[in-house]
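Q: Let's see this in three dimensions:
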Amino acid sequence: MPKAPVADQLRLLTVQDLDTKLAQTRHRLANLPARQELDAVTAEAASLEETRVEAATAVTDLRREVTKAEDDVVAVRARADRDDKRMLSAGLAPKELQALQSELEVLAKRQADLEDIELDAMQRLEDAEAEATRVAVQIDAVAATLTEVKARLHHEAADIDAEIVSLTAGRAKTVAGLDEGLLALYEKLRATHGGTGAAALQHGACQGCNMSLNPADLAHIEAAPADDVVRCEECGRILVRGAGS
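A: Residues are numbered from 1 along each chain as shown. A predicted model of the protein is given here:
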């Protein structure tokens with residue numbers, strides 16, 4: 001059975017307490033509400049950016065569509081103007097006048113259809129521009145929220161980081177000069193027992209697993225020399241005697 005000075009075994013409980021506080025503090029740091037809020041706002045910002053790109057693309061496409069519709073209307077009007085001027089000119093045969101009249105009727109219908117297409121495209125462009133503006137406003141609002149959440153997270157994390165630094169310094173001071181074999185065993189057990197490698201023996205129970213020892217095991221432990229490093233028969237952790245009643 002390994003041995004270690006009684007004082008070192010008792011000090012090991014202080015190390016365990018500091019390690020537990022460090023684990024809890026790091027867990028708090030990793031699970032700050034502001035960190036979760038930051039993740040949510042960041043995801044919202046990314047989604048809005050995708051929407052912004054889609055809205056901008058829609059505006060660009062519709063502006064091109066409106067321009068084409070306008071050009072088509074202008075072309076038909078120009079053709080109709082030319083036909084009107086030809087009809088007013090002298091010397092045209094009746095058959096040619098009839099053909100021009102028929103073409104003007106066709107052009108008039110074509111112009112009406114194109115103007116409807118133009119108006120529809122202009123309306124859709126107006127709607128798309130309104131959507132792009134709405135998304136831009138949302139992006140600005142989310143960006144402001146993102147800045148605020150980052151600042152709050154930085155402040156909260158800084159306080160916890162300072163606490164971790166203090167606890168780490170306290171641990172380093174506590175383990176200084178501690179029996180190397182005892183410390184090595186503790187670190188090994190802590191790694192495999194959920195962060196708890198040592199516990200006090202109080203009222204006949206291991207405070208690590210909260211199990212009461214059977215009378216035979218308890219008698220055996222109590223009879224062992226004070227510097228013996230004893231282990232809990234239930235969980236295997238180091239049992240520190242003399243840490244309380």
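Q: Now do the same for the nearest residue to Ala55 once chain neighbours are set aside: helix, strand or coil?
A: Excluding the flanking residues, the one nearest Ala55 by Cβ to Cβ, 6 or more residues apart in numbering is Ala132, at 4.1 Å. From N, CA and C alone the C-beta is placed, and that goes for glycine too. Recorded secondary structure, Ala132: helix (DSSP: H, G, I helix; E, B strand; the rest coil).
Q: One more: Thr196?
A: Following three-state DSSP, Thr196 is assigned to coil.
Q: What separation do you get for the residue nearest to it when sequence neighbours are not counted and Ala128?
A: Leaving aside its sequence neighbours, Thr196 sits nearest to Gly208 (Cβ to Cβ, 6+ apart; 5.2 Å). Per Cβ to Cβ, to the nearest Å, Gly208 is found 65 Å from Ala128.
Q: And those two? Which one has more around it.
A: Set Gly208 next to Ala128 and count neighbours by other Cβ atoms under 10 Å: Gly208 wins out with 24 against 20.
Q: doesn't that one fall inside a helix?
A: No: counting by three-state DSSP, Gly208 is not part of a helix but coil.
Q: got the contact list for it?
A: 193, 196, 198-199, 232, 235, 237, 239 (Cβ atoms under 8 Å, 6 or more residues apart in numbering).
Q: now stretch 124-142: how far from the chain's centre is it?
A: In terms of Cα atoms, centre = their mean, to the nearest Å, the gap separating the centre of stretch 124-142 from the centre of its chain is 24 Å.
Q: Can you flag the buried ones in the contacts of Gly208?
A: For these, a neighbour count by 16 or more other Cβ atoms under 10 Å gives the buried set as 193, 196, 198-199, 232, 235, 237, 239.
Q: Turn these into TSV, columns for distance to Ile139, pLDDT and secondary structure.
A: Output for the buried ones among the contacts of Gly208, formatted as TSV (distance: Cβ to Cβ, whole Å; pLDDT from 0 to 100; DSSP: H, G, I helix; E, B strand; the rest coil):
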residue	distance to Ile139	pLDDT	secondary structure
His193	49	95	coil
Thr196	48	96	coil
Ala198	54	97	strand
Ala199	54	96	strand
Cys232	58	93	coil
Cys235	54	93	coil
Arg237	54	96	coil
Leu239	60	96	strand
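Q: one step back: go ahead and confirm the residue nearest to Ala55 touches Glu54.
A: No: the criterion here is Cβ atoms under 8 Å, and Ala132 misses it with Glu54 at 9.4 Å.
Q: more crowded one of those two?
A: Taking other Cβ under 10 Å, Ala132 and Glu54 do not tie; Ala132 has more neighbours (18 against 14).
Q: show me the contacts for that one.
A: Contact partners of Ala132, counting by Cβ under 8 Å, 6+ apart, are 52, 55-56, 58-59.
Q: one more time with 7 Å
A: For Ala132, the contact set (Cβ atoms under 7 Å, 6 or more residues apart in numbering) comprises 55-56, 59.
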